[in-house]
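K.L.:
build me a model from this:
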Amino acid sequence: AYQPFPLAAGVVGGKMQGPESRPALTRLASEADYVIKGTYTADTRDFEDHTFSGIMFDVVCKNDLPVHHLELTHVWVRGRLGPIQVFACVGSIHEVSGNHRKHTSSDQWTRVHAATHEPSTEDLKQMKLDPVVQVKPGETVGLYVHSLAPGDQAIVYNNQFAAVTVEDRHFKVLPGFAHVSNRPFSENCAWGYAWRDGREFVGRLQYGLKWKLWKPEHHKLFPGPFKKMVMTLMLCHRRKSALLSRIPETVLKYIINFCAWDWAGVPEELAICGDDRNPADMIKARREEEYKNAVGLRDEGLRLFDTRDFTDAVQKFAEALAMLRGGITGKRLHLSANLYSLLAHCCLQIADGKDNDVLQFVNTIPANRRAVTIRSLQRQCLEQTYAYGIRALARADRNDTKLISCNHCRIGVASLRLQRLDSSQQESHLLQAVKHFRMCLGIDSSNVEARTGLETAETALRQGTERAEGSSMRNIIEGWDVPMDEEEEEENTRGEEKQGASSMEEEKGGPS
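P.N.:
You can find the predicted model right below:
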């Protein structure tokens, strides 16, 4: 015979087989016996503000809907990647237990992914979590995505733009910490404290849901339209003239038990915005616009470069880099390498006294103070040349041999000149000069400047820095086309090392 509903256990031929058995219709399920997986994804903003070794953030499961629990199954990120680990913890990453902070206490975290991934600077790369991370309504878990790869381009992340990074009907992702050390949970790095607050996860989270099913005890957990639907069905069931009154109340409850929470309609506060624009497309368009602006600023800087206005050109190149943000994808990476190379070249030109504005400024300084000022400025510019050259090399395409060769040569020149200004680090600077001149010649053996610089640095190392550079201080100053008092020159030749060092200490305290 046709059976419209499943028979209870112990029922054969429509008859109960034991007094202890209860009909299945009276045993309403509390929760679904399945998890809806692979259906829900949430993509964050992606402005590519920064790249480094890791990002840590909170995930909160909302309690606006009758969710039994949420299961995070996959994390998607992009960057240079490498050996990636994903960790999860119970509770917020901002919690403090005694003297231990959650984000630096590895014993409070569980590793849920560990694998080596190929670089993926353009597209998000999927990372499966095993075991999956469960979050109950109203609860919070922390996620920590980290790469063991050296360098600063492993994982892309953003500055914090809002109190919530991304949210949907079921969960929300909150801002957290960026980690600038390739040692997981480490508090220290070469730049001091290794954690940066106010950063946002960039990528995608994929998750599944297990829903609670309706029963009288769960009625208050369901949204308003669903509760109204239940009330209407129950009232109709009480009216004897209604067809619905002909079925038992247990059957009606059994039917409602299998209704999804949104079959009666979605509350206005939970409705998804009908904006046809795809946020990912909007962000992509914004990044394209930023790239175009960066190219325009670079071109303006090049025009200033041709007129020997190197300080103004530096401002344009720096603004262009700010437009590129993290800049590790394709053409953005290539442009950022080019901009760092141009910055290194500008700083070297300023150190040589070839900038018009700097020369005018130096001429306004009393003649008896010019040597100290010039040496302080030189040291700062040479240090910046070294730093920008290193960044250009880190971002350069391996096939761009011209850019790589030029920056190795610039770094060598800057190191060779720095050893004349810093007596405490002369040997270190000479070793760096030798290293980079050799790397330059390994790419371009015809580079005369690199070959001459290599011979000078090697001779200085063999003979000893004091004998080799005994008279080089005066030569550096004489390279500037500005008048100076002879007495002041001689005084600074004798005691300039100390004065220049103290001046630079003052400079380091302010903005570079």
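
K.L.:
any low-confidence regions in the stretch 1-150 of the chain?
P.N.:
Scanning the stretch 1-150 of the chain for pLDDT under 70 picks out the ranges 1-27, 31-39.

K.L.:
what strand or helix carries the closest residue in space to residue 395 that isn't next to it in sequence?
P.N.:
Of all residues not flanking residue 395 in the chain, residue 337 sits nearest, at 3.8 Å (Cβ to Cβ, 6 or more residues apart in numbering). (C-beta placed from N, C-alpha, C; glycine too.) Taking DSSP states H and E as the definition, one finds residue 337 inside helix 330-351.

K.L.:
so how far is that helix from its chain's centroid?
P.N.:
22 Å (Cα atoms, centre = their mean, to the nearest Å).

K.L.:
what does stretch 380-395 give?
P.N.:
With Cα atoms, centre = their mean, you get 22 Å for stretch 380-395.

K.L.:
for it, which outside residues touch it?
P.N.:
Contact with stretch 380-395 is made by 151-153, 327-328, 333-334, 336-338, 340-341, 343-344, 347-348, 350-351, 403-404, 407-408, 410-411, 413-415, 417-418, 421, 432, 504, 507, 512, as judged by Cβ atoms under 8 Å, 6 or more residues apart in numbering.

K.L.:
buried subset of those residues?
P.N.:
Listed as buried from those are 152-153, 327-328, 333-334, 336-338, 340-341, 343-344, 347-348, 350-351, 403-404, 407-408, 410-411, 413-415, 417-418, 421, 432, 504; burial here means 16 or more other Cβ atoms under 10 Å.

K.L.:
ok, back up a step: thought the residue nearest to residue 395 was touching residue 397?
P.N.:
Yes: Residue 337 sits in contact with residue 397 when judged by Cβ atoms under 8 Å, with a separation of 7.2 Å.

K.L.:
and for the two, which residues touch both?
P.N.:
With Cβ under 8 Å, 6+ apart, residue 337 and residue 397 have common neighbours residue 403.

K.L.:
pLDDT weak spots in the stretch 301-450 of the chain?
P.N.:
For the stretch 301-450 of the chain, counting by pLDDT under 70, the residues that fall below are 325-329.

K.L.:
which residues in it form helices?
P.N.:
Counting by DSSP state H, counting those that start in this stretch, one finds helices in the stretch 301-450 of the chain at the ranges 310-324, 330-351, 356-363, 370-395, 401-421, 426-443, 448-463.

K.L.:
nearest to residue 67, of those helices?
P.N.:
Between residue 67 and those, the shortest separation by Cβ to Cβ is 39.3 Å, and it involves helix 330-351.

K.L.:
residue 142 sits in which helix or strand?
P.N.:
With DSSP H and E as criterion, residue 142 is part of strand 140-147.

K.L.:
what packs against the helix or strand following that strand?
P.N.:
Downstream of strand 140-147, the next assigned helix or strand under DSSP H and E is strand 155-159. Applying 3 or more Cβ pairs under 8 Å, 6 or more residues apart in numbering; DSSP states H and E, we find strand 155-159 packed against strand 50-52, strand 54-61, strand 67-79, strand 140-147, strand 195-201.

K.L.:
for the helix or strand following strand 155-159, packing partners?
P.N.:
Heading C-terminal from strand 155-159, the first helix or strand you meet, by DSSP H and E, is strand 166-167. Applying 3+ Cβ pairs under 8 Å, 6+ apart, one finds that strand 166-167 contacts strand 36-43, strand 171-179.

K.L.:
output those as a markdown table; include the columns distance to residue 252 and mean neighbour count.
P.N.:
Converted to a markdown table, the helices and strands packed on strand 166-167 look like this (distance: least, Cβ to Cβ, whole Å; neighbours: other Cβ atoms under 10 Å):
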| stretch | distance to residue 252 | mean neighbour count |
| --- | --- | --- |
| strand 36-43 | 25 | 14 |
| strand 171-179 | 33 | 23 |
